[in-house]
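Q: give me coordinates for this.
(chains A and B)
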Amino acid sequence: MSFLTLQGVGKTYPDGTKAVKGVDLTVERGEFIVLLGPSGCGKTTTLRMVAGLELATAGRICLDGSNVTGLRPSQRDVGFVFQFYALYPHLTVAQNLAFPLEAVGMPAVERQRRVAGVVDRLGLRGLLNRYPRQLSGGDQQRVSLGRALVRTPAIWLMDEPLGTLDADQRLALRDFIREQQQELKVTTMYVTHDQEEAMALADRVVVMEDGLIRQVAPPGEIYARPASLFVATFVGSPGMNLLPGLLSPDGFRPDGVDVFLPAPPAVEQPVRFGIRSEHMTLDGPLPGTVLLDEYLGAWRNLHVQTPCGRMVVRAPADRRHKPGDAVRLGVDASQASLFGADGRRL
Amino acid sequence: MTAFLELSGLTRRFGAVEALAGVDLQVGADELLVVLGPTGAGKTTLLRTIAGLETPEAGTVRMAGADVTTASPADRDVALVFQNFSLYPDWSVRRNLAFPLRAPGRNLSEEEISRRIDWAAGMLRIGELLDRSASRLSGGQMQRVAIGRAIVRRPRLFLMDEPLTNLDAKLRESLRVELAVLRRELKTPMVYVTHDQAEALSMGDRIAVLDRGRILQTGTAEEIYRQPADPVVACQLGQPRINLCPVQRIEGWWTATDGTRLLAAEGESDGGTLGVRPEDLHLGDGPITGSIRVVEDLGPHQVVVVHAAGQVWHAVAGRGRFQAGMSVGMEIARGKVW
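A: Below is the predicted model:
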């Protein structure tokens, strides 16, 4: 049986607002699940219902074999990790880190081993005897995250814990969370609107929109085989290029231009032809004009206006273009995604 | 380059803190200059000084050749857009956009005001929002309107103070492109302040790296990314961050402190800090042995965290080849020693 099960879980507020509209999800023991979606999609409400901070108005939540749907947070063995976590001002960094373990009566030897692991991963060795007021804001945040992740409850629930940090720190703490989770194997549910963070952390990503789950799959699959137009555009930086047009036995003909792109043979039907920027080439049949050449260090994103819409093409870092340059785009058709009129993957 | 804005020797202290420590900077007449720096670098003070909201203790601000160091904000004719969407919540979008045009002394006809609003709304694709109350807009819509309120005035210079910071990642990514394209169409110079390296790389015709009130380096994104003046600048651009490793020259090799040979040594120095961009760290069967700690599958590529030569390295690799726990051979394709 799965470790965490959500069956038809919904949340309707007294004013009639439906934040979550019936969610089914199973999470295996030790799995790292990320709920991803734009603001208002219901991801945080879902997490809070698993924590018990909100009560579901429909459906059932089972954690580690017991039905917890109506239980209070303290009756569920969950560790909730917030964006800001207050440290005890009268305790040193070392004491702050050990406190949650002392509180559950962990033997001193194991406690020290656990704290030492966190200290090394977070680079806190030089700060162990300092008090919180002697730390910078960023260091305080590192300690507070370390303290939250030193304990091993049945499940860690994290609500955008890296939200307000600088990019650099966010990246370092992201590595920390992943390493700590892989070592301690605590089942984790993590909420973010940042698709890159989701891809980096998750064993499986749950993409949510409008109170519903749109796709559940490992990051690579979500990226390469999105289930719908929404997932295709929300996941990936940039989102997938989507060309409206007609699929025919001769290939795909984009609207507004008389060229054919290679496509799997099919009966004639209107589709959206989806292709990632790195699967486009600069030696094809589709004419376009460069709008913007975004240099991004390791590569470039070329933004191109074509007769069938704006597209982004990934180009080598040493291949410069100017706005106004004429280019001809091609596609690696084996990597294309096709979507029908209802927005679903064909 | 014809400079529109010229800053020389700008200095500003707040108590013991030197927010600006002699800043020299030029912005071309049709240029987007990004000022990149961490929190506390002095970015906002710099913008406020250009806008005339702060007076420098020393140095001059010149616009179009004229000294405006002591001129009032209104006389400088610049538009400032902030991180927090500063709209009148109870007003319609149209009234918010009209507000700067009805300022005393502007004397624009109602016809002209409405023409400019339609033009700005078209540029920013907010035409269908004009009659909506500002309080009913999403964050992205609000920031579009705030930018609209800056462009309707047709100022001589745009000043942007992290305008996209409070938006969702996805929205930020699309608005940064829109804003850069829009600026080019308007042909108005812009100073854009941010701590986001992707925004800086993507948007800037040139980037100035600011740290503790000093400009550390100025150049195109490519110049700064490939030829950073020092490790502090190198760390400002690129994600994941550049790998840094202390090295010594031993028998013609840049060698790590644990004795690992990293890269054939060039130049004259005996050692220093080796910087290697993650995409220049090739994983496979190279001579440097390491163990993989974390693999992040980001879609088009993987970010692989490797422990080797006594420290942690970040590498960017093709998809699907590596897993946590594996041993791996590393090769450094190119690097720079300071």
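
Q: could you list the low-pLDDT ranges of the stretch 151-300 of chain A?
A: For the stretch 151-300 of chain A, applying pLDDT under 70 flags the ranges A:164.

Q: which residues in it form strands?
A: A:155-159, A:187-192, A:204-209, A:212-217, A:241-248, A:251-254, A:269-275, A:280-295, A:299-306 (DSSP state E, counting those that start in this stretch).

Q: so which of these is nearest B:P56?
A: strand A:280-295 (32.4 Å; CB to CB). All C-beta spots, glycine's among them, are computed from the backbone N, C-alpha and C.

Q: paired strands for the closest one, with orientation please.
A: Under the criterion DSSP bridges, strand A:280-295 sits next to strand A:299-306 (antiparallel), strand A:326-331 (antiparallel) in its sheet.

Q: CA atoms of the last one as CSV?
A: What that stands for is strand A:326-331. Coordinates of each C-alpha in strand A:326-331 appear next as CSV, following Å, rounded to 0.1, in the frame of the first residue of the first chain:
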residue,chain,number,x,y,z
ALA,A,326,16.3,36.9,-41.3
VAL,A,327,16.6,33.2,-40.3
ARG,A,328,15.0,30.0,-41.5
LEU,A,329,13.9,27.6,-38.8
GLY,A,330,13.7,23.8,-38.8
VAL,A,331,12.6,21.2,-36.3
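
Q: C-terminal to it, what's the next element?
A: With elements assigned by DSSP states H and E, the helix or strand that comes after strand A:326-331 is strand A:337-339.

Q: anything in that next one near chain B?
A: No - on the criterion CB under 8 Å from any CB of the partner chain, strand A:337-339 is out of touch with chain B, staying 13.1 Å away.

Q: what residues does that strand touch?
A: Applying CB atoms under 8 Å, 6 or more residues apart in numbering or on different chains, the contact partners of strand A:337-339 are A:225-226, A:228-229, A:232, A:240, A:242, A:247, A:263-264, A:271-275, A:345-346.

Q: ok, now how distant is the residue of chain B most remote from its centre from B:A264?
A: Within chain B, the residue lying farthest from the chain centre (CA atoms, centre = their mean) is B:E251, at 40.6 Å. Distance from B:E251 to B:A264, counting by CB to CB, to the nearest Å: 10 Å.

Q: out of the strands paired with strand A:280-295, which gets nearest to B:A64?
A: That would be strand A:299-306 among these, by CB to CB, at 31.1 Å.

Q: what about the longest helix in the chain?
A: Unless you meant another one, I'm taking chain A. Looking across chain A with DSSP state H, the single longest helix is helix A:167-184.

Q: meant chain B, my bad for not saying
A: Longest helix of chain B, by residue count under DSSP H: helix B:169-186.

Q: any weak-confidence spans in the stretch 1-150 of chain A?
A: A:83-85.

Q: what does it have sitting close to chain B?
A: Residues of the stretch 1-150 of chain A lying near chain B (CB under 8 Å from any CB): A:38-39.

Q: which stretches of the chain form helices?
A: You didn't pick a chain, so chain A it is. A:43-51, A:93-103, A:108-122, A:137-148, A:167-184, A:195-201, A:219-224, A:229-234.

Q: hmm, I had chain B in mind actually
A: Assigned by DSSP H, the helices in chain B fall at B:43-51, B:73-76, B:93-98, B:110-124, B:139-151, B:169-186, B:197-203, B:221-226, B:231-236.

Q: for the longest one, name the packing helices and strands.
A: Contact analysis of helix B:169-186 by 3 or more CB pairs under 8 Å, 6 or more residues apart in numbering or on different chains; DSSP states H and E lists helix A:195-201, strand A:280-295, strand B:32-36, helix B:110-124, helix B:139-151, helix B:197-203 as its packing neighbours.

Q: for B:S86, find the nearest of those.
A: helix B:139-151 (6.6 Å).

Q: what mean pLDDT does the closest one get?
A: Taken as a whole, helix B:139-151 has a mean pLDDT of 86.

Q: packing partners of it?
A: Helix B:139-151 packs on strand B:78-81, helix B:93-98, helix B:110-124, helix B:169-186, going by 3+ CB pairs under 8 Å, 6+ apart.

Q: from the contact counts, what lies against the longest helix of chain A?
A: Where contact means 3+ CB pairs under 8 Å, 6+ apart, helix A:167-184 is packed against helix A:108-122, helix A:137-148, helix A:195-201, strand B:288-297.

Q: name the nearest residue to the residue of the stretch 51-200 of chain A found nearest chain B, ignoring sequence neighbours.
A: Among the residues of the stretch 51-200 of chain A, A:A200 lies closest to chain B, at 3.7 Å counting by CB to the nearest CB. With CB to CB, 6 or more residues apart in numbering or on different chains as the criterion, A:A200 has its nearest non-adjacent residue at 3.7 Å, and that residue is B:E296.

Q: ok, the one you found - contacts?
A: A:174, A:178, A:199-201, B:302-305.

Q: export the residues you listed as CSV, with columns for neighbour count.
A: Output for these, formatted as CSV (neighbours: other CB atoms under 10 Å in any protein chain shown):
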residue, neighbour count
A:R174, 22
A:R178, 21
A:M199, 25
A:A200, 23
A:L201, 26
B:Q302, 23
B:V303, 22
B:V304, 28
B:V305, 19
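
Q: can you list the buried residues in stretch A:102-111?
A: A:106, A:111 (16 or more other CB atoms under 10 Å in any protein chain shown).

Q: any regions of chain B where pLDDT drops low?
A: Scanning chain B for pLDDT under 70 picks out the ranges B:1, B:85, B:319-320.
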